[in-house]
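Visitor: with the input below, show me the fold.
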Amino acid sequence: MNPYSPAFGALRTALFSVHKMRRSLGMLPRKRTVVLNYHSVRPSRLFFNSTSTQVFEQHLEWLATHCEVVDFIDVCAPATAKPRVAIVFDDGFRDNLEYAVPLLQKYGLKATFFVSTGFLQRDPVILDIFARTFQTTAEDFMDAAALRELFASGMPIGAHTHSHRNLLGLSAQEQKEELGRSKEILENLLGCPIRSVAYPFGVPGKAFDLTTTEIAEKLGYTKGVMVCWRAVRPQEAVMRIPRFTVVNENLVELEAIVAGALDPIGQYQDWRFSMRQTYREKKSHALAFALLGQQWLVELTNHKIVCMI
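Guide: Numbers count the residues shown, from 1 in each chain. Okay, here's the model as predicted:
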């Protein structure tokens with residue numbers, strides 16, 4: 001889901017307007033926890049998902065002043081008087097180390113970095129996909145040495161699969177290989193357990209489903225994060241933690257996101273995911289009944305044949 005497409009532009013504008021009205025009436029909630037998801041941070045030659053260093057620093061300064069910024073691992077703890085915010089990054093861009101980490105350290109903040117290990121190993125398949133789609137090169141991504149340096153700076157690391165493929169389009173065995181391989185590579189490289197995972201593309205029902213989360217849990221992950229535009233709820237499903245995609249929002253828009261202006265989009269995503277799961281379950285049950293009926297018919301036919309003999 002592209003939050004900056006024309007289709008979403010009008011909706012975002014309308015929801016921000018509602019937020020402005022609620023803010024003027026003093027109706028904004030305070031006890032909220034949200035996860036903000038960045039990708040690339042750089043001063044120039046921005047990719048489609050790059051946040052400029054100037055905007056990123058503005059975000060960090062505002063978050064440090066108005067929110068309690070917490071580690072992603074603690075995101076499910078009870079909310080406090082201030083909004084609680086966890087900062088995360090996807091993919092493994094080299095500019096995360098060069099520009100994002102120094103700015104985070106400047107404000108005494110941490111972020112969790114979810115890395116696709118295919119970039120670390122310079123896998124030609126994943127590099128070619130990103131080069132054709134986003135005009136990146138191998139040098140735009142961290143290698144193993146850069147990731148070790150980022151980890152040594154005190155920033156937590158999570159997995160983002162190996163080849164960044166849409167998990168919903170893969171078989172269960174392929175999903176297991178993608179999720180397991182990235183976990184194993186990162187653990188061997190960093191010498192510590194990797195407990196969290198971000199599903200590539202992230203939209204529930206479009207990029208992963210409950211089969212994916214079950215596989216991830218069996219592999220030893222304890223938290224999974226998706227792209228779903230709403231706050232983290234009490235008693236949240238720990239393998240489907242929601243987060244907002246953030247790129248170059250101004251401070252008014254950032255405040256609105258943290259305060260819940262775009263939560264109706266996440267609520268719709270939850271409803272759609274639930275409907276899709278229900279449909280799949282009904283379809284699965286219908287198939288099971290059909291197979292059972294066929295088996296019963298075969299057994300009845302065989303029984304008649306035996307009786308005739």
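Visitor: what about Val125, neighbour count?
Guide: Neighbours of Val125 under the rule other Cβ atoms under 10 Å: 11. All C-beta spots, glycine's among them, are computed from the backbone N, C-alpha and C.
Visitor: check the one 5 residues further on too.
Guide: For Phe130, the number of neighbouring residues by other Cβ under 10 Å comes to 20.
Visitor: measure the closest residue in space to it that isn't next to it in sequence to Leu104 for me?
Guide: Distance criterion Cβ to Cβ, 6 or more residues apart in numbering; nearest residue to Phe130, sequence neighbours excluded, is Thr136 at 4.7 Å. Going from Thr136 to Leu104 by Cβ to Cβ, to the nearest Å gives 23 Å.
Visitor: what do you get for Phe47?
Guide: Using Cβ to Cβ, Phe47 is found at 20 Å from Leu104.
Visitor: of those two, who's got more company?
Guide: The neighbour comparison of Phe47 against Leu104 (other Cβ under 10 Å) goes to Leu104, with 24 against 18.
Visitor: please verify my assumption that the more buried one contacts Met155.
Guide: Yes: taking Cβ atoms under 8 Å as the definition, Leu104 is a contact partner of Met155 at 7.5 Å.
Visitor: shared neighbours, those two?
Guide: Counting by Cβ atoms under 8 Å, 6 or more residues apart in numbering, the contacts common to Leu104 and Met155 are 110-111.
Visitor: in the stretch 201-309 of the chain, which spans are helices?
Guide: Along the stretch 201-309 of the chain, the stretches classed as helices by DSSP state H, counting those that start in this stretch are 210-218, 251-259, 263-308.
Visitor: no, scratch that, I was asking about the stretch 1-150 of the chain
Guide: For the stretch 1-150 of the chain, applying DSSP H, counting those that start in this stretch gives helices covering 6-24, 53-66, 95, 101-106, 117-120, 124-134, 144-152.
Visitor: return the most buried member of the ones you listed.
Guide: Counting by mean count of other Cβ atoms under 10 Å, helix 117-120 has the highest mean neighbour count of those, with a mean of 24.
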